[in-house]
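>>> Here is a sequence with its predicted model. Questions after.
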Amino acid sequence: MANQALTLVASLNLALKQEMAKDKTVVLYGEDVGFEGGVFRVTEGLQKLYGKDRCFDVPLAEAGIIGTAIGMAINGMKPVVEMQFDGFFMEGVPQMVDHASRMRNRSRGAFSVPMVVRMPFAGGIKALEHHSESMEAFFGHIPGLKVVVPSTPFDAKGMMISAIRDPDPVIFLEPKRLYRAFKQEVPEEEYFVPLGKASLIQDGTDVTLFAYGSMVRECQKAAIEAQKMGISCMVVDLRSISPLDRDAILYAAEKTGRVVIAQEAARTFGTAAEISMIIYEHLYGKLKTPVERVTGFDIAMPLLKGEDMYLVDSFRILEGIKKVMGKA
Amino acid sequence: MFLEKYTDKLNTDMVQILTPEGVLDENLRPKEFTDEIVLELYKKMVFCRMCSDRALKMQRSGRMGTFTSVEGQEALQIATEFAIKKQDWVVPAFRELAVMWAHGVPMENIYQYWIGNEMGSRPPQGVHVLPVSIPVGSQMLHGVGLSWAAKLQGKDEIAVNYFGDGATSEGDFHEAMNFAGVFKTPTIFICQNNQFAISTPRAIQTASKTIAQKALGYGFPGVLVDGNDLFAMYAVTKEAEQRARKGDGPTLIEAYTYRFGDHSSSDDATKYREKSEVEAWRPKDPMKRLQVYLGKKGLWNEKIEEDMRAKFQVEVDAITEKAIAMPVQTVDEIFDYTYAELPPALAEQKAYLKTMLAKKAALRPQAEGEPQRATAIKEEGGTNG
Ligand SMILES: Cc1ncc(C[n+]2csc(CCOP(=O)(O)OP(=O)(O)O)c2C)c(N)n1
């Protein structure tokens, strides 16, 4: 079958379309996902194709959406529900934390919650308040949840298929800034990108850059600039926040001996802190310089005119690279 | 058989005083509504619609972020505001440009917020209007708390919650209504049923015949009112206000209206609703019936309208210019309001950001940067030392 050049949105749409065709228990619902196909059009055309029983709009209630999806998942369905924006997941988080994450453990395996909660993730599109949130570390802190973030159209499809087939609840974060940022060849046939595995974006010898979501692109840009200064960067896309790919982190960190981690979320208790700790625990004494975190700040994401000040960009990542190279 | 026998036959009548054709039920006319007052309120509605339209234009020309138009909902917002006192609290969602302005938030601040600067959410001293609340339904509990605090402290203040039909589906709506009922708080709930939550029609929010009748389950009155009727919205809200002030507790008012515009500047409503539906609502525009009514009194004609608009146009232009000229956030501003006192780690982050921005500004050729941003960064670099 032929490959097509697709955006991340189109790739997700394709994955959902194909999974719905293969598995009648897959249902999609959320706010404006049915008739309209979602505010970002990820579910566009699917109601027309599969009917109102499988792709539908529901009342404006996030706890309602997630709570009912838990019940559906326990009773044989595969709900793939949408949170319209990352900030509004908050209204549904109690259901996720109190029940979805624990049902398997609570019932000692009698019940499980194989559901996917999709949502546009993080900033960069100059949206309103609560539309640019990065809460991945918070979700990653909850036992029983998987948290993944694709950064390319190829990974998006492969990870969505894996998420739908996963036996546990998956929070699927879609970097909204990358939805239509670029196209990539995406195979028509089914393939899996395993959840919990990082990917090597480019190899290098001097510094290892860890990132996920839209920060991967910023790292790639910084790596190009660094190359001009004679610094060779390895770029690793984590793709999964929970579980973290510890083997990949340790391999990549040890290889260059210098680590910069880019994270858009607020700094304190972030994903970068956890990665740093994994490195510290396993590679103590083997790094050439301390790990450098380039992160968001411990403040609310500013409204749009202040967004650029907040966001981690290739410039700040490059400064981090220079710092670990002793060139700052 | 039991279900049928024991289920209340709920009233679905709608309060209307001024019909869409401009015919007034004189018996129901609020006594405060002299011709001068009606004209005054009509003018406010026109001004707000013009400001809302201008904001959409600013958004289209890249001078504003996402904006949610108030078109069609002016009468209910202006009327309900007129029914309360200066010290009362207005608790908005995000489509409340008219009531926020009427209750004392300067229009340029409202613009500043939508342009994307938090400073726009800081009301002048003594103006009891909470900032725009984006998470749907979440603000209603605040309104209950505000008015509850007033009751506990013996203050003569009530709170008015504004929200949409979509918001009634959120759990927060239930909790707010329930607390208000149990503690008999002086709260007015104004549900602006504009028939849509983005693309989702009202029928998908609730199987209840009306939203008003939901109040019964919480033990207080709920009334369905023509939200495009300035007279009816005022009369019912006034009654609710007096009830709240007397200590008799909350009221739910379902303002039956229509969202003429797109949900927001990022939305295209033609995708999910027929043009004919919008056209069918046009004759019920809250402005039109007032024009007929005032026309009969010799207070309105095309010429008066034109002159009024010309005068407002000048004001709206001035407000636009003022809002555009307002500075963007400084680094200090985005950090300094996180806590009353900046913790040391945050102070460090702030200093780091200032250094980064200064370095970046030094790199960037002058022509590339937006002039506004460039100066803001230069100042920051300066204070950083
Ligand atoms: C908790 C939450 N979920 C989703 C959204 C996204 N959203 C913004 S407005 C809106 C529809 C709101 O409908 P309604 O309450 O009827 O108010 P209206 O827009 O009609 O004024 C939605 C779903 C949000 N802002 N907050």
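On my side now, so go ahead.

>>> Just the pLDDT for the residue nearest in space to the middle of chain B.
Nearest to the geometric centre of chain B sits residue B:96, at 1.1 Å (Cα atoms, centre = their mean). At residue B:96, the pLDDT value in this model is 98.

>>> What segments of the stretch 101-250 of chain A are helices?
Taking DSSP state H, counting those that start in this stretch as the criterion, the stretch 101-250 of chain A carries its helices at A:103-106, A:136-140, A:153-165, A:215-228, A:246-256.

>>> Quick one: residues contacting the residue nearest to the centre of chain B.
B:70, B:77, B:90, B:132, B:162 (Cβ atoms under 8 Å, 6 or more residues apart in numbering or on different chains). Placement of C-beta: from N, CA and C, glycine included.

>>> Would you reformat those as a markdown table and include secondary structure and pLDDT?
Converted to a markdown table, these look like this (DSSP: H, G, I helix; E, B strand; the rest coil; pLDDT from 0 to 100):
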| residue | secondary structure | pLDDT |
| --- | --- | --- |
| B:70 | coil | 98 |
| B:77 | helix | 98 |
| B:90 | strand | 98 |
| B:132 | coil | 98 |
| B:162 | strand | 98 |
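
>>> which one is residue 104 nearest to, not counting chain neighbours?
In the absence of a named chain, chain A is used. Residue nearest to residue A:104 in three dimensions, not counting chain neighbours: residue A:112, with 4.7 Å by Cβ to Cβ, 6 or more residues apart in numbering or on different chains.

>>> that's the other chain; I wanted chain B
Leaving out its chain neighbours, residue B:104 is closest to residue B:127 (Cβ to Cβ, 6+ apart), at 3.7 Å.

>>> and the one you found, what are its phi and psi?
phi -90, psi 120 (degrees, to the nearest 10).

>>> Tell me which residues touch residue A:324, please.
A:207, A:258, A:259, A:260, A:288, A:289, A:290, A:292.

>>> Just name the closest of the contacts of residue B:96 to residue B:264, please.
residue B:70 (11.5 Å; Cβ to Cβ).

>>> give me the number of residues near that closest one?
26 (other Cβ atoms under 10 Å in any protein chain shown).

>>> correct me, but it touches residue B:100?
No. Shown here, residue B:70 and residue B:100 do not form a contact pair, counting by Cβ atoms under 8 Å, at 9.7 Å.

>>> Among the contacts of residue B:96, which one has the most neighbours?
residue B:77 (32 neighbours).

>>> all strands for chain B, in order.
Remark: strands assigned in chain B by DSSP state E are B:89-91, B:159-164, B:187-193, B:196-197, B:200-201, B:222-226, B:251-256.

>>> centre of the chain versus the first one, how much separation?
Yep, that's strand B:89-91 we're talking about. Averaging C-alpha positions (Cα atoms, centre = their mean, to the nearest Å) puts strand B:89-91 10 Å from its chain's average.

>>> Sketch out the low-pLDDT regions of the chain for me.
I went with chain A, as the question did not name one. Applying pLDDT under 70 to chain A flags the ranges A:1.

>>> Actually, chain B is the one I wanted.
Using pLDDT under 70, chain B drops low at B:1, B:7-9, B:366-385.

>>> Would you mind measuring from the residue of it found nearest the ligand to chain A?
Per Cβ to the nearest ligand atom, residue B:164 is where chain B lies closest to the ligand, at 2.2 Å. Note on residue B:164: its distance to chain A, by Cβ to the nearest Cβ, to the nearest Å, is 9 Å.

>>> Alright, that wraps it up for me.
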